[in-house]
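Student: Okay, here's the prediction I keep looking at, along with the sequence it came from:
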Amino acid sequence: THKLFEFDSWMGGDRDGNPNVLSSTTRDVVVLARLEAVNAYFKAVEQLMFDLSIWRCTPQLKALARSLAARAQNAEPGRIADERKKRNYADFWTPIAANEPFRVVLSHMRDRLWQTREVLHQCLINPQLSVRQALEETDSYLDVNELFEPLHLMYQSLLATGDESTANHKLLDVLRQVQTFGLSLMKLDIRQESTRHAEVIDATTRHLELGSYLSWSEEQKTSWLLAELGGKRPLFPPGIDLSPDEAEVVSTFRMLADLPSDSLHSYIISMTRTASDVLSVVLLMRECGMADPLTVAPLFETLDDLYNAPGTLTTLLSSEWYRNHIISNHGGVQECMIGYSDSGKDAGRMAAAWSLFETQENIVNVADKYGVRLILFHGRGGSVGRGGGPTHMAIRSQPPKTIKGKLRVTIQGETIEQQFGEREVCFRTLDLYTSAVLEACLDPPSMPKQEWREMMHQLSETSCKVYRSYVFQRPEFIEYFNLATPVGELGRLNIGSRPASRKQTKGIEGLRAIPWVFAWTQTRFHLPVSLKSDTVCPTVCGTVCAVVSKAAQVISTVEGV
């Protein structure tokens with residue numbers, strides 16, 4: 001009854017800098033994903049009806065079958081058969097007798113899956129329908145447990161009556177599919193840039209004549225947001241004047257409130273810099289009627305944001321209201337995402353890697369201090385320039401005590417085929433994740449020694465300084481980048497999930513990490529991971545030699561003992 005893996009996506013939910021992903025886009029993606037899941041389960045259940053003609057069963061399954069059979073007998077058998085034929089069922093049109101308990105239960109499940117599919121089709125045709133409400137008001141599947149429990153009851157019955165081979169065949173496969181993918185097929189992460197939420201709050205405060213939210217200090221913003229969250233008055237006044245971009249943000253939250261909660265996972269805030277970026281999203285969720293608020297995950301991307309992440313988390317968790325919020329709504333779990341791609345583009349690979357290591361240590365310590373469980377979401381790319389590398393080694397190299405039984409990682413589009421394209425390769429990939437997480441929990445790595453930390457600080461500081469001096473402080477570098485790489489052509493190709501830049505600028509700052517790395521890769525010049533590494537090494541050569549010498553002394557001492 002426990003699942004090892006959960007597959008989520010943000011295709012159709014990631015609107016960070018992408019004007020083409022609207023609230024209607026997210027709604028359509030969720031409905032289509034649920035349709036795919038229901039279609040798969042419908043075929044599986046109908047196949048099980050042909051296989052499970054067994055009459056032996058446990059008293060629990062017999063009682064369920066009798067109640068369902070009695071309900072069917074109260075209706076007209078002929079009308080039911082005609083209706084099922086119109087639905088193009090493969091067989092078993094007439095109501096099934098109670099002496100075939102498995103088929104009785106499966107027949108009822110087939111009818112409900114068909115009804116669920118019809119409702120989802122109507123939601124797809126009519127965008128004004130609330131998906132959650134439409135499923136609730138009909139005999140459709142909304143809670144995955146309603147689908148899982150009868151299947152599990154049949155599985156237990158087969159084991160109890162000595163039919164282990166039948167239980168562990170197709171039925172077990174279906175159980176695992178339902179357990180892993182649920183009714184949503186994949187949960188959707190929603191992502192939006194932090195400034196977009198601040199603009200909506202600013203429009204609200206100006207309409208209420210409270211001043212400009214954007215001009216307030218961080219302390220003022222946090223204090224006001226917590227006061228509003230602690231109160232019960234509605235914040236959005238009728239007739240508020242919003243720009244098209246601001247109206248789209250509000251429309252997205254209201255649309256999310258109408259979706260089944262099991263189709264959504266986290267709300268990720270890209271370019272998170274302060275605690276108010278998180279609190280503003282929590283407030284907008286409440287104001288837009290989200291009865292089941294999503295987990296809000298701040299995404300720390302740039303070097304400065306990573307450095308400030310412990311302070312941001314401290315501000316949040318030191319608030320009694322916010323702690324109570326995540327305890328009551330999210331089981332005392334706070335999720336944080338760390339970005340490998342943008343941090344590498346901002347500071348160079350070496351400085352970014354060390355900053356990511358230290359940030360993880362620090363924010364986990366903050367969460368432990370306030371009794372909150374922290375789940376880290378690693379936004380790693382496929383290439384080395386975006387934090388990629390061997391899966392098992394990457395997980396095992398995380399700081400001690402940062403992987404506490406659960407880990408979230410991104411599998412980028414360019415590596416999906418490589419890691420999951422074939423059955424054996426997929427199993428191998430899942431094995432690597434499972435073993436690495438188990439090893440990280442059961443045999444965590446030792447803490448780095450102080451002299452190693454000092455050496456890494458020196459390495460990262462020097463490499464960052466040299467990297468930025470070339471990439472950001474030399475005007476001629478931008479011209480060289482545009483001429484030496486096909487970055488302009490890549491931006492015009494219709495192959496990306498988002499525009500090449502967050503904002504229309506000619507500098508490197510607004511360029512996304514994907515075209516930044518991809519453009520250099522096309523020239524076979526891996527500048528994002530190699531720029532001036534020869535400058536860094538001589539700077540710390542003496543430190544390295546001293547550490548190696550000391551390590552050799554320790555080894556000699558151990559061998560002597």
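Tutor: The structure has been received and is ready for your questions.

Student: so residue 234 touches residue 289, yeah?
Tutor: No - with contact defined as CB atoms under 8 Å, residue 234 does not count as touching residue 289 (10.2 Å). C-beta here means a position set from N, CA and C on the backbone, and glycine is covered the same way.

Student: Run a quick neighbour tally on residue 103.
Tutor: Neighbourhood size, residue 103 [other CB atoms under 10 Å]: 23.

Student: In which helix or strand does it reside?
Tutor: In this structure, residue 103 sits in helix 101-125 according to DSSP states H and E.

Student: what do you get for residue 189?
Tutor: strand 187-193.

Student: Pull the residues that contact that strand.
Tutor: Here strand 187-193 makes contact (CB atoms under 8 Å, 6 or more residues apart in numbering) with 6-10, 12-17, 26, 29-30, 33, 249, 252, 256, 262-271, 294, 299, 502.

Student: Please enumerate the helices of the stretch 1-150 of the chain.
Tutor: Along the stretch 1-150 of the chain, the segments classed as helices by DSSP state H, counting those that start in this stretch run 23-51, 59-73, 77-86, 101-125, 131-136, 144-160.

Student: and stretch 61-70, average pLDDT?
Tutor: What stretch 61-70 shows for mean pLDDT is 88.

Student: ugh, wrong one, I meant stretch 215-232
Tutor: On average, stretch 215-232 scores 94.

Student: Give me the buried positions along that stretch.
Tutor: Buried residues in stretch 215-232, counted by 16 or more other CB atoms under 10 Å: 216, 221-222, 224-226, 228-229.

Student: Kindly report the same for stretch 259-266.
Tutor: Using 16+ other CB under 10 Å as the test for burial, stretch 259-266 gives 259-261, 263-266.

Student: In JSON lines: the residues you listed, plus distance to residue 425, pLDDT and secondary structure.
Tutor: Below are the buried residues of stretch 259-266 laid out as JSON lines (distance: CB to CB, whole Å; pLDDT from 0 to 100; DSSP: H, G, I helix; E, B strand; the rest coil):
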{"residue": "259", "distance to residue 425": "33", "pLDDT": "95", "secondary structure": "coil"}
{"residue": "260", "distance to residue 425": "32", "pLDDT": "95", "secondary structure": "coil"}
{"residue": "261", "distance to residue 425": "33", "pLDDT": "93", "secondary structure": "helix"}
{"residue": "263", "distance to residue 425": "28", "pLDDT": "95", "secondary structure": "helix"}
{"residue": "264", "distance to residue 425": "30", "pLDDT": "95", "secondary structure": "strand"}
{"residue": "265", "distance to residue 425": "25", "pLDDT": "94", "secondary structure": "strand"}
{"residue": "266", "distance to residue 425": "28", "pLDDT": "95", "secondary structure": "strand"}
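
Student: got any ranges where the stretch 301-450 of the chain has weak pLDDT?
Tutor: Low-confidence segments of the stretch 301-450 of the chain (pLDDT under 70): 382-387.

Student: Please tell me how far residue 238 sits from residue 255.
Tutor: Noted for residue 238: a distance of 19 Å to residue 255, by CB to CB, to the nearest Å.

Student: The two: which is more packed in?
Tutor: For residue 238 versus residue 255, the count of surrounding residues by other CB under 10 Å is larger for residue 255: 20 against 5.

Student: who are the neighbours in contact with the more buried one?
Tutor: 23-24, 26-27.

Student: Phi, psi for residue 269 please.
Tutor: According to degrees, to the nearest 10, the main-chain angles of residue 269 amount to phi -100, psi 110.

Student: any idea of the pLDDT on it?
Tutor: The model's pLDDT for residue 269 equals 95.

Student: can you count the residues close to it?
Tutor: Once other CB under 10 Å is used to define contacts, residue 269 is seen to have 26 neighbours.

Student: Relative to residue 190, how far out is it?
Tutor: Going from residue 269 to residue 190 by CB to CB gives 10 Å.

Student: what's the answer for residue 526, then?
Tutor: 33 Å.

Student: hang on, the earlier thing: any idea how far the strand holding residue 189 is from the middle of the chain?
Tutor: 7 Å (CA atoms, centre = their mean, to the nearest Å).
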